[in-house]
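**Q** A structural model of the following input is requested.
(chains A and B)
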Amino acid sequence: MEWEVIYKWLPKFIQGATLTLELVGIAVALGLLLAIPLGIARSSKLWYVRALPYAYIFFFRGTPLLVQLFLVYYGLAQFDTVRNSFMWTYLRDPFWCATATMTLHTAAYIAEILRGAIQAIPPGEIEAARALGMSKPKALFYIILPRAARIGLPAYSNEVILMLKASSLASTVTLLELTGMARTIIARNYLTVDMFFTAGVFYLLMSYVLVQGFKLLERWLRVEQCQGR
Amino acid sequence: MNIDLYGFGPALAAGALMTVKLALCALSLGLVLGLLGALAKTSPYKPLQWLGGTYSTLVRGVPELLWVLLIYFGTVNMMRALGEYFGYPELALSPFVAGVVALGLCFGAYATEVFRGAILAIPKGHREAGVALGLSKWRIFTKLIMPQMWRIALPGLGNLFMILMKDTALVSVIGLEEIMRQAQNAVNFAKHPFTFFMVAAIIYLGLTILAMTVMHFLEKRAARGFVRTT
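**A** A predicted model of the protein is given here:
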C-alpha cells in the first residue's frame, strides 16, 4: 500500500464522499415522500387503486438501476419535446438525472416496505381506532402511519445502505462521486488497488455511521418497545 | 407495437444469452461461497467464525460496482506476474471471469446470512439424533441438514438471485457484451437511446419474470410434504 499517495489524495476522496452522501440523502428523503402515497395506494383493497403503484413498483424493481439511469440520462434526449421544455436545464445535468433516477428507484422499494409494514399492523388496532370514532384519514395519520413507520424502519435503514452502494452507479454518467473520483485518480497515478481500496474503506465507514445512526433513531422512536404484544 | 431495432435484434438476443450465462455462473460460485461462509460462521471454532463474519461484512459493505472494477483492473499486475512465472505473459482475467468472480463474491456474502439463518432454524434435536445414530459429521450435514436447509433458504436465495440478475448489468462497465453493452453499441450506431435502453429494460423484466416462475416451482417442490397450518 502506498500510504503517502493515499494521504495526498484524501481531500479528493472526501470531496467524492460528500457528493455520494448528497446523492443518497436527496434520493432517500424524496424517495420516502414519494413512497408514502405509493405505499398507501399499493395496500388499498380496491384493485384500480392498487394497479398503478403495482406496475410502477414492478418496473422499478424488475430492471437494473443502470438501465434506468441510462434511460433518463441518455434516453430522454431522444424526444424533442423534452429537449425544448424548461426541464432540459435539469435533465441535461448528470447530478439531477442521477438524483431523479435514484429517487424513483428507491421510492419503489420503500413503497413495498411501507406496504408490508401497513399490512403487518394488527387489524385490531385499526378497528379500535375506527371504533373510537376516528375518520379514515385520521386513523391513517394518527394510528396507521406512525405504527407502520416503526415496523418499517429497520427495512428502511437497509434500503438506505443499499442506496449508498447503488450510488456508485452515478459514476457511469460522469459524476465524480466516490467511485468516479477513485477512477479519475487511478487514471492519473495507476495505483488501481490502492485507490479502490481507499474508496471501499470510505464506503464501509459511511455505512457503519449510517447503521449506528439508525440504531439511535430506533431507540428514540422506541421501536423495540412497540414490537410484540 | 412495432419497434425498429435497426438490425440489432440478434445482438440484443446474444446479449441476453450472455447475461443468463453470467448470472448462472455467478450463482454457482456464490452458492459455494455462501455455504462455506455459513458453515464457517456457525462452526464452533473462533478463527473460522471470524473469517466468515469478516467476509460477509466486508463484501456487503462495499458497492458491487467497486468489486467489479477492483477485480477486473486490480488483478492485472498479479495475473501478469503469475503468467510470467508460468510462461504466459499475456495472462489476464477476461471480463466474463472477472464478472463471475465479483458477482459470485457479492452473492456469496448475502447467501452466507441466508444459509446461516436456515442452519440455525433446523431444530437442534435433528443433529443430536444424527449423532446418536452414529453418523459422521459429513453425513449429518449432507443427509440431515442440507435437505432441510434448502427449503428454508430457498425464498431468500430467490430474492438474492433477482438482485444478482440485475447486477449483471454492472459488468457492462468492464466491456462484457451483455444486454447493456449491446444496447450501448446499438445506441452508438443508430442513436435512439430511449428505444434501445427500453428494450433492454423489457428484456430484464422478462428475465425477472422467468426467474420468478422457476423459483415458484422450486419452492413448491421443496415444500412438498409440508402442510401450511394457517
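
**Q** gap between the helix or strand encompassing A:L145 and the chain center?
**A** Here A:L145, judged by DSSP states H and E, is contained in helix A:145-166. Helix A:145-166 sits 9 Å away from the centroid of its parent chain (C-alpha atoms, centre = their mean, to the nearest Å).

**Q** do stretch B:141-149 as well
**A** Relative to its chain's centre, stretch B:141-149 lies at 21 Å (C-alpha atoms, centre = their mean).

**Q** got a list of contacts for that stretch?
**A** B:115, B:118-119, B:122, B:126-127, B:129-130, B:135 (C-beta atoms under 8 Å, 6 or more residues apart in numbering or on different chains). To be clear about C-beta, it is placed using only N, CA and C from the backbone, and glycine gets the same treatment.

**Q** can you show me the CA trace of it as PDB?
**A** Only the C-alpha atoms of stretch B:141-149 are listed here, as PDB (Å, rounded to 0.1, in the frame of the first residue of the first chain):
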ATOM      1  CA  PHE B 141     -24.500 -32.300   7.100                       C
ATOM      2  CA  THR B 142     -25.300 -33.800   3.700                       C
ATOM      3  CA  LYS B 143     -28.200 -36.100   4.700                       C
ATOM      4  CA  LEU B 144     -29.800 -34.300   7.600                       C
ATOM      5  CA  ILE B 145     -29.000 -30.600   7.500                       C
ATOM      6  CA  MET B 146     -28.700 -29.900   3.700                       C
ATOM      7  CA  PRO B 147     -32.100 -31.200   2.600                       C
ATOM      8  CA  GLN B 148     -33.900 -29.300   5.300                       C
ATOM      9  CA  MET B 149     -31.800 -26.200   4.900                       C
END
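
**Q** before we move on, back to that, just the buried ones from the contacts of stretch B:141-149?
**A** Among the contacts of stretch B:141-149, those scoring as buried are B:115, B:118-119, B:122, B:127, B:130, B:135 (criterion: 16 or more other C-beta atoms under 10 Å in any protein chain shown).

**Q** so which of those residues are in helices?
**A** B:115, B:118-119, B:127, B:130 (DSSP state H).

**Q** and those residues, which two are the farthest apart?
**A** Distance extremes for these: the farthest pair is B:F115 and B:G130 at 18.5 Å, using C-beta to C-beta.

**Q** then the helix or strand bottoming out on mean pLDDT in chain A to PDB, C-alphas only?
**A** The weakest-scoring helix or strand in chain A, judged by mean pLDDT, DSSP states H and E, is helix A:223-226 (a mean of 72). Extracted in PDB, the C-alpha atoms of helix A:223-226 (Å, rounded to 0.1, in the frame of the first residue of the first chain):
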ATOM      1  CA  VAL A 223     -39.200   0.600  18.000                       C
ATOM      2  CA  GLU A 224     -38.200  -2.200  20.400                       C
ATOM      3  CA  GLN A 225     -41.000  -1.500  22.900                       C
ATOM      4  CA  CYS A 226     -43.600  -1.200  20.200                       C
END
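
**Q** hang on, the earlier thing: reformat the ones in helices among the buried ones among the contacts of stretch B:141-149 as JSON lines; add distance to chain A and pLDDT.
**A** Below are those laid out as JSON lines (distance: C-beta to the nearest C-beta, whole Å; pLDDT from 0 to 100):
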{"residue": "B:F115", "distance to chain A": "19", "pLDDT": "92"}
{"residue": "B:A118", "distance to chain A": "19", "pLDDT": "90"}
{"residue": "B:I119", "distance to chain A": "22", "pLDDT": "90"}
{"residue": "B:R127", "distance to chain A": "29", "pLDDT": "88"}
{"residue": "B:G130", "distance to chain A": "34", "pLDDT": "91"}
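
**Q** let me have these in a markdown table, extended by distance to A:V5.
**A** What follows is these, written out as a markdown table (distance: C-beta to C-beta, whole Å):
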| residue | distance to A:V5 |
| --- | --- |
| B:F115 | 40 |
| B:A118 | 44 |
| B:I119 | 44 |
| B:R127 | 51 |
| B:G130 | 55 |
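
**Q** which residues sit against the least confident helix or strand of chain A?
**A** Contacts of helix A:223-226 (C-beta under 8 Å, 6+ apart): A:147, A:150, A:153-154, A:218.

**Q** can you point out the helix or strand that includes the closest residue to B:L33 other than its chain neighbours?
**A** Of all residues not flanking B:L33 in the chain, B:G108 sits nearest, at 2.8 Å (C-beta to C-beta, 6 or more residues apart in numbering or on different chains). Under the criterion of DSSP H and E, B:G108 resides in helix B:95-121.
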